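Asks: please work out how this folds:
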Amino acid sequence: MTSAPEIVFPPVEVRTRKGRTLRVREYDFRDFGALVEMYKHFEPKRGAQGLPPPDVPRIAHWLDKLQRKSSALVALEGQKVVAHAILCPMSATCVEFSVFVHQDYRQDGLGTTISDMTLNWAQQMAMSQVFLTTELSNFAALCLFRKLGFLMTSNYGDECEMKLDLASLAGAESQAA
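Replies: Next comes the predicted model:
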C-alpha cells in the first residue's frame, strides 16, 4: 500500500476582524510547550467531549499521543499559540477534524479562518471525507461547521456527528468558478 505524498502547509499571515495579525502554519514539535501553555489556560476545560484535559500532565500526554498520528495547524501571535486545528486519520481518505481557539481569540473570525485552511489542506492531502463530533449546546461551533458545509449525520445524547464530503465540495467550487 502506498501512502499519500506529504503535503506541506506553508506559513500564512492572517488578519482577524479585530485587527490582530497572526501566523498560521503547520504544527512543529518545537511548538509543544507553547501548545501545552495554550491548553493550560484554555476555557472551558473539558468542554468538547472531555477535551482539552484538565491539567498539564494530561494535556501533555494527550498532545504527545495526538502529534504522533495526526497533522495539525497552529495560529500564533508571536510565539504564543492561540488556536489549534487537527486532522486525525480514520482511513486513507477520511479524517476526523477538531479545532480549538483560545477564549481570548474567539468571535474574531479565527475559528473560520483556521478551519477553512485546515479543510483545504485536507483536500490537498487527497482526503475525501471529514468527520467531527461536537456538543449540541455549542451553538458557535455548530454555526461554524454548518457555514463550512458540514451536515449533521447523527446525534446521541448531548453530542452530534457531522460530515463534510470534500469531493462534492471541490466539485461545487469548480462549477462556481
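
Asks: burial check on Arg30, number of neighbours?
Replies: 7 (other Cβ atoms under 10 Å). Every residue, glycine included, has its C-beta placed from N, CA and C.

Asks: could you check how far it is from Leu76?
Replies: Relative to Leu76, Arg30 is positioned 12 Å away (Cβ to Cβ, to the nearest Å).

Asks: following the longest strand along the chain, which helix or strand comes up?
Replies: Ranked by residue count, the top strand of the chain under DSSP state E comes out as strand 80-89. The C-terminal neighbour of strand 80-89 among helices and strands, as given by DSSP states H and E, is strand 94-101.

Asks: what sits up against that following strand?
Replies: Counting by Cβ atoms under 8 Å, 6 or more residues apart in numbering, the neighbours of strand 94-101 from elsewhere in the structure are 38-39, 42, 48, 51-52, 75, 82-90, 110-111, 114-115, 118-119, 122, 127-133, 164.

Asks: what do you get for stretch 50-64?
Replies: Stretch 50-64 is contacted by residues 32, 35-36, 39-40, 42, 45-46, 98, 100 when judged by Cβ under 8 Å, 6+ apart.

Asks: how about that stretch: buried residues?
Replies: Neighbour counts over stretch 50-64 (16 or more other Cβ atoms under 10 Å) mark 51-53, 59-60, 62-63 as buried.

Asks: with stretch 12-28 instead?
Replies: With burial defined by 16+ other Cβ under 10 Å, the residues of stretch 12-28 counted as buried are 16, 20, 22, 24-25, 27.

Asks: tell me the two of the contacts of stretch 50-64 that are most distant?
Replies: Using Cβ to Cβ, those span at most 20.8 Å, a distance reached by Phe32 and Arg46.

Asks: the more surrounded of those two?
Replies: More crowded of Phe32 and Arg46, by other Cβ under 10 Å: Phe32, with 15 against 12.

Asks: my guess is that one contacts Arg68, does it?
Replies: No: in this structure, Phe32 is not within contact of Arg68 by Cβ atoms under 8 Å, at 11.9 Å.

Asks: between those two, which contacts overlap?
Replies: Shared contacts of Phe32 and Arg68, counting by Cβ under 8 Å, 6+ apart, come down to nothing at all.

Asks: ok, back up a step: ok, and what's touching the longest strand of the chain?
Replies: 22, 24, 27, 31, 34-35, 37-38, 66, 69-76, 95-102, 104-105, 110-111, 114-115, 117-118, 121-122, 125, 127, 130.

Asks: so what strands line up beside it?
Replies: In the sheet, strand 80-89 lines up against strand 71-77 (antiparallel), strand 94-101 (antiparallel) (DSSP bridges).
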